[in-house]
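>>> only the shape, not the letters, is given here:
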């Protein structure tokens, strides 16, 4: 099986409070974007292919290309997804996993979460595992707070995924309490820029100050797009921009080139701008060591 896990942006992100267990309660909208990894899963071959790493118990032959991810394969969310299912189905067949990494990490774009969620969906489908959509989303949430979004968001292997229609999901919780949302940016052009550094989740949360907004994000999203700049905010900008002023500069560049709305995505270092028209030269707006790309909105 071969799928192309997509990334996401967060439109608005309010950190409303911190739970006793350390998790933070958020208000945010997950919106799918057309920046993708490639993930292929096959029944395991008998021999190791070049550049393949065998995991600890030899149940997974791991192949990773594209952006270098310097971590033990057992820490990759695709492998962790297999382990979750292996715990429930000890006879889960061995596999070869091929990941072509294109979504940058530490960016707030959810690439790793998307890979892990798609691995769950693919393994369930490949081996006809008796796991309900609700159970699969619960398992995804154990991989990461936003993994449930990628399980649900329009994937044809999730029967609860709105018939394969990709739509935004609104969250008020730690990331997996999702409600389908009607927001559509069809006809808008989205530019995403990733500087040559990431922002860790720990770094982002270390300076954030939870606060319940006077008006919920759900209500603010009903305002016209040209008013979002004044009302819809990512709270992490308050703590991260002083540490990385390049991010504030990149956001201003997006506005200088005509963005109707621009923001940091999630708790990472990527920013996005929403435009009325195609921006074919967006890759020239930033230094060569920045990643920038644009596409028409998916939904």
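Noted; the coordinates are in hand. Bear in mind the structure is a predicted one, so any value in this text is a computation, not a measurement.

>>> would you report the backbone torsion angles of residue 171?
With angles defined as degrees, to the nearest 10, residue 171 sits at phi -130, psi 130.

>>> partners of it in the sheet?
Counting by DSSP bridges, residue 171 forms beta bridges with residue 28, residue 178.

>>> distance of residue 44 relative to residue 255?
50 Å (Cβ to Cβ, to the nearest Å). All C-beta atoms are positioned from the backbone trio N, CA, C, and that covers glycine.

>>> surely residue 3 is in contact with residue 39?
Yes: between residue 3 and residue 39 there is a contact under Cβ atoms under 8 Å: 5.5 Å.

>>> touching both of the two, which residues are there?
With contacts defined as Cβ atoms under 8 Å, 6 or more residues apart in numbering, the residues shared by residue 3 and residue 39 are 118, 122.

>>> check residue 203 and give its pLDDT.
In this model, residue 203 is scored at 87, pLDDT.

>>> can you tell me the helix or strand for it?
Residue 203 belongs to helix 201-206 when elements are defined using DSSP states H and E.

>>> so which elements touch that helix?
Judged by 3 or more Cβ pairs under 8 Å, 6 or more residues apart in numbering; DSSP states H and E, helix 201-206 is in contact with helix 236-240.

>>> tell me what the next helix or strand after the helix it packs on is packed against?
Once the chain leaves helix 236-240, the next helix or strand it forms, by DSSP H and E, is helix 245-256. In terms of contacts (3+ Cβ pairs under 8 Å, 6+ apart), helix 245-256 is packed against strand 189-194, helix 236-240, strand 261-264, strand 271-275.

>>> report the angle between helix 245-256 and strand 271-275.
Angle, helix 245-256 to strand 271-275, by axes from the mean of the first three to the mean of the last three Cα atoms, to 10 degrees: 0 degrees.

>>> contacts for helix 245-256?
191, 193, 195, 237, 240-241, 262-264, 269, 271-273, 285-286, 290.

>>> please state the offset of that helix from the chain centre?
Offset of helix 245-256 from its chain centre (Cα atoms, centre = their mean, to the nearest Å): 22 Å.

>>> ok, longest helix in this protein?
helix 111-126 (DSSP state H).

>>> give me the low-pLDDT residue ranges for the stretch 51-200 of the chain?
Scanning the stretch 51-200 of the chain with the threshold set as pLDDT under 70 gives 154-165, 175.
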